[in-house]
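**Q** Requesting a structural model of the entry that follows:
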Amino acid sequence: MSFELNRKLAARRDPLPTAATVDPVTAGIIRGAFETVCFEAATHLGRSASSPIINQSNERNGSVIDAHGRLAGCSIGTPHLVFISQLTVRYGLQQFDEYDWGPGDVFLGNDPDYGGGHLPDYNVYAPVFDDNGELILIQALQAHQGDTGGKDPGGFTLEATDIFTEGLAIPCLKLLHRGEKRRDVIKLLERNNRFATFEGDLAAMIAAVQHCVTMLQGVIRKWGADVVKAAVNYNIEHTEKRFRQEIAKWPDGRYEAAVLIDHDTQGTKDIKVHVACIVAGDHLTVDLAGTDARPELVGVWNTFANSRGYVMTQIASAIDPDIVKNEGLFHAVDIIIPEGTIAHPPPNMPAALGSFHPACEITEAVCIALSQVAPDRSAPQVYKIGMPNAVIGFKNGQMWMDQGVDARTMDVSAVHGIDGWGSCPVALGNLLLSEAEDAESRFPIININREMTIDSEGAGRWRGQPGSLNVKKVLEPTTAMAWMVSSAHPLRGLCGGDDASPYSSRFEVGTPKEYGVALTARAQLPAGAVIAYQHGGGAGFESPLLRDPAAVQEDVLDEIVSISRAREKYGVVFTGTLEEYDLAVDVAATQALRRRMRAQQATEAA
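**A** Presented below is the predicted three-dimensional model:
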């Protein structure tokens with residue numbers, strides 16, 4: 001049933017029926033209104049929610065979806081949420097008569113087998129009717145919740161073998177009927193969540209979509225329902241046209257890539273994601289055939305909606321950024337996700353960790369494949385973090401959880417012409433990582449340091465961003481959970497650039513009991529225990545021997561690269577010392593060393 005349902009949910013939708021026509025300016029104004037409303041939804045939620053994972057992190061995304069279930073507008077909070085919300089809404093639309101949709105209603109869905117991502121990503125949505133009672137639009141708001149009511153706090157159960165272990169799965173649930181809260185339903189949701197802050201978070205999501213429904217009703221009244229529908233049709237068709245023009249510039253052919261995950265949560269090694277990107281004229285096919293389908297795997301199952309969305313997230317980054325993000329992108333691409341693989345699992349499989357891996361490996365593989373045709377825009381939309389180190393405890397009888405969403409540098413790869421930048425990978429987009437002071441005021445922890453690590457950049461003509469070492473002390477006895485990956489298979493370099501540096505994690509640092517996490521951990525930490533998480537850096541782009549020696553010199557002065565690594569990786573030789581601050585590139589020695597290194601590489605390749 002799940003496979004058949006997924007095919008139906010992903011099927012192409014018809015344009016909205018309308019007798020009106022619009023010019024490009026009017027269509028653009030209405031599109032801009034949609035984007036403003038979506039931004040308003042996300043901002044409203046961020047300012048009124050109770051928990052830090054929502055009111056600080058910005059892990060939320062607003063979408064306007066038309067009456068046929070097509071993505072008509074969005075405001076990007078985190079890019080990987082952009083292309084998922086509409087499938088949950090489409091399932092709700094299938095229940096239009098049975099669920100008695102009407103003005104003032106608000107719905108909720110999160111079920112991975114009914115169009116959802118993973119259980120923590122709650123999608124609250126509400127219909128927008130015109131004054132004649134016709135459904136025109138749906139306002140959706142998706143955000144990550146801190147808990148889902150499953151076996152473990154946060155919904156991330158390392159050994160889960162089905163979705164029910166992870167929490168409460170909600171295909172489609174009406175929260176409000178004609179503007180009135182269904183208090184029994186809301187109480188049920190609140191009772192199945194560990195955190196007191198959830199009540200405020202859910203209320204904030206409901207209020208945000210209600211507010212934006214009113215705004216969209218204003219747009220419809222100003223322009224008229226027919227004109228709004230015509231604008232939606234125009235914008236989707238225009239996006240498809242622009243996207244096809246981009247694809248037509250790429251040489252026809254089949255471009256493949258395979259990426260490995262270190263292991264599943266039980267230790268099965270080298271989980272494979274395989275992608276073939278096939279360019280034929282102005283049409284693109286992305287085929288995940290060859291992706292791992294071993295039924296015994298645990299913790300590496302990604303939902304169909306997530307896999308589809310993550311594929312499109314990477315494709316969207318490879319094209320002109322001025323192309324509007326809406327349903328038109330899907331019209332120019334066939335996304336083939338074989339049933340039974342880790343990218344399209346059977347019903348009731350666990351899904352929480354799949355949004356990390358293999359979701360990121362799917363985007364990484366698409367990026368590597370498309371780097372053969374669009375190298376100038378090949379920026380991996382990934383976060384190879386495995387699972388952040390989460391620490392959990394009780395205070396005054398109330399559970400608390402520091403989910404480890406801390407400020408950090410990681411996974412920011414170089415792209416053509418630009419070194420890795422910022423402190424957070426593009427996949428997490430506008431994610432605002434928690435402040436040390438705020439976390440320490442809420443939880444019994446101390447953040448000892450969050451520092452960039454020297455020599456952790458992926459070397460290349462343009463180098464990746466260094467990783468960071470995050471060290472934290474717990475002040476009370478706590479439980480710590482982790483899933484350690486991206487050590488054996490870190491983020492891949494592009495076009496001859498080096499791979500990124502690997503991840504690692506250590507518990508009870510500085511004591512005789514210190515140990516590294518090689519696979520997973522569910523540890524009881526005593527008060528005063530220290531944990532240290534080394535985040536991997538970004539990967540490089542093109543050969544390190546092509547890097548400007550002056551740029552290498554700057555990296556050495558900035559303590560991003562050591563003098564020894566400058567010589568061994570980049571073939572750059574210096575005179576002078578850092579201590580005397582008279583470091584200078586020895587041009588002749590550098591040229592000679594690089595000639596020898598290139599000759600050696602050619603010999604090894606032969």
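
**Q** so Ile30 makes contact with Val219?
**A** Yes: counting by CB atoms under 8 Å, Ile30 does reach Val219; the two are 6.7 Å apart. From N, CA and C alone the C-beta is placed, and that goes for glycine too.

**Q** Those two - which one has more neighbours?
**A** Neighbour totals were compared for Ile30 and Val219, and Ile30 leads with 25 against 22 (other CB atoms under 10 Å).

**Q** Mind listing what's buried along the helix or strand where the more buried one lies?
**A** Applying DSSP states H and E as the criterion places Ile30 in helix 24-48. Within helix 24-48, the residues that count as buried by 16 or more other CB atoms under 10 Å are 26-28, 30-31, 33-46, 48.

**Q** Is Val391 in a helix, a strand, or coil?
**A** strand (DSSP: H, G, I helix; E, B strand; the rest coil).

**Q** What values do phi and psi take at Tyr533?
**A** Dihedral pair for Tyr533: phi -110, psi 120, per degrees, to the nearest 10.

**Q** Tell me the bridge partners for it.
**A** Beta-bridge partners of Tyr533, counted by DSSP bridges, are Asn470, Ser505.

**Q** Gly149 too?
**A** Applying DSSP bridges, one finds that Gly149 bridges with Gly167.

**Q** List the contacts of it.
**A** 155, 167-168, 192-194 (CB atoms under 8 Å, 6 or more residues apart in numbering).

**Q** repeat that with 6 Å
**A** 167-168, 192-193 (CB atoms under 6 Å, 6 or more residues apart in numbering).

**Q** What is whichever strand or helix holds Leu141 packed up against?
**A** Using DSSP H and E, Leu141 sits within strand 135-144. Strand 135-144 sits against strand 60-66, helix 85-94, strand 121-129, helix 197-223, with contacts defined as 3 or more CB pairs under 6 Å, 6 or more residues apart in numbering; DSSP states H and E.

**Q** what do you get if the cut-off is 7 Å, keeping everything else the same?
**A** Judged by 3 or more CB pairs under 7 Å, 6 or more residues apart in numbering; DSSP states H and E, strand 135-144 is in contact with helix 24-48, strand 60-66, helix 85-94, strand 121-129, helix 197-223, helix 225-248.

**Q** any chance of those in TSV, with distance to Asn396 and mean pLDDT too?
**A** Below are the helices and strands packed on strand 135-144 laid out as TSV (distance: least, CB to CB, whole Å; pLDDT from 0 to 100):
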stretch	distance to Asn396	mean pLDDT
helix 24-48	25	94
strand 60-66	29	94
helix 85-94	36	95
strand 121-129	27	97
helix 197-223	15	96
helix 225-248	51	98
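
**Q** Highest mean neighbour count out of those?
**A** A comparison of the helices and strands packed on strand 135-144 by mean neighbour count, using mean count of other CB atoms under 10 Å, puts strand 60-66 on top with a mean of 30.

**Q** Distance from it to the middle of the chain?
**A** Computed by CA atoms, centre = their mean, to the nearest Å, the chain-centroid distance of strand 60-66 equals 16 Å.

**Q** Could you spell out the sheet neighbours of that strand, each with its direction?
**A** strand 71-75 (antiparallel), strand 135-144 (antiparallel).

**Q** need the strands for the stretch 301-450 of the chain, in chain order.
**A** 333-336, 387-395, 398-402, 445-452 (DSSP state E, counting those that start in this stretch).

**Q** May I see these organised as CSV, with mean neighbour count added?
**A** Shown next, in CSV, are the strands of the stretch 301-450 of the chain (neighbours: other CB atoms under 10 Å):
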stretch, mean neighbour count
strand 333-336, 16
strand 387-395, 20
strand 398-402, 18
strand 445-452, 16
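
**Q** I'd like the ones you listed as JSON lines, with mean pLDDT appended.
**A** Output for the strands of the stretch 301-450 of the chain, formatted as JSON lines (pLDDT from 0 to 100):
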{"stretch": "strand 333-336", "mean pLDDT": "97"}
{"stretch": "strand 387-395", "mean pLDDT": "84"}
{"stretch": "strand 398-402", "mean pLDDT": "84"}
{"stretch": "strand 445-452", "mean pLDDT": "93"}
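
**Q** Let me have the ones you listed in a markdown table, extended by distance to Gln139.
**A** A markdown table is the format used below for the strands of the stretch 301-450 of the chain (distance: least, CB to CB, whole Å):
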| stretch | distance to Gln139 |
| --- | --- |
| strand 333-336 | 26 |
| strand 387-395 | 31 |
| strand 398-402 | 30 |
| strand 445-452 | 37 |
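
**Q** closest one to Gly537 among these?
**A** Closest to Gly537 of the strands of the stretch 301-450 of the chain is strand 445-452 (CB to CB; 8.7 Å).

**Q** contacting residues around the closest one?
**A** 391, 402, 406-409, 436, 439-440, 466, 468-475 (CB atoms under 7 Å, 6 or more residues apart in numbering).

**Q** do the same with stretch 346-356
**A** So stretch 346-356 is contacted by 1-2, 112-113, 117-120, 155-156, 160-163, 165-166, 265, 299-303, 306, 340, 385-387, 483 (CB under 7 Å, 6+ apart).

**Q** just checking, what packs against the worst-scoring helix or strand of the chain on mean pLDDT?
**A** Scoring the helices and strands of the chain by mean pLDDT, DSSP states H and E places helix 52-55 at the bottom, with a mean of 77. Contacts defined by 3+ CB pairs under 7 Å, 6+ apart place helix 52-55 against helix 24-48.

**Q** In this structure Leu168 contacts Asn192, no?
**A** Yes: counting by CB atoms under 7 Å, Leu168 does reach Asn192; the two are 4.9 Å apart.

**Q** which one of the two has more residues nearby?
**A** Between Leu168 and Asn192, counted using other CB under 10 Å, the more crowded position is Leu168 (20 against 15).

**Q** Lovely, talk soon.
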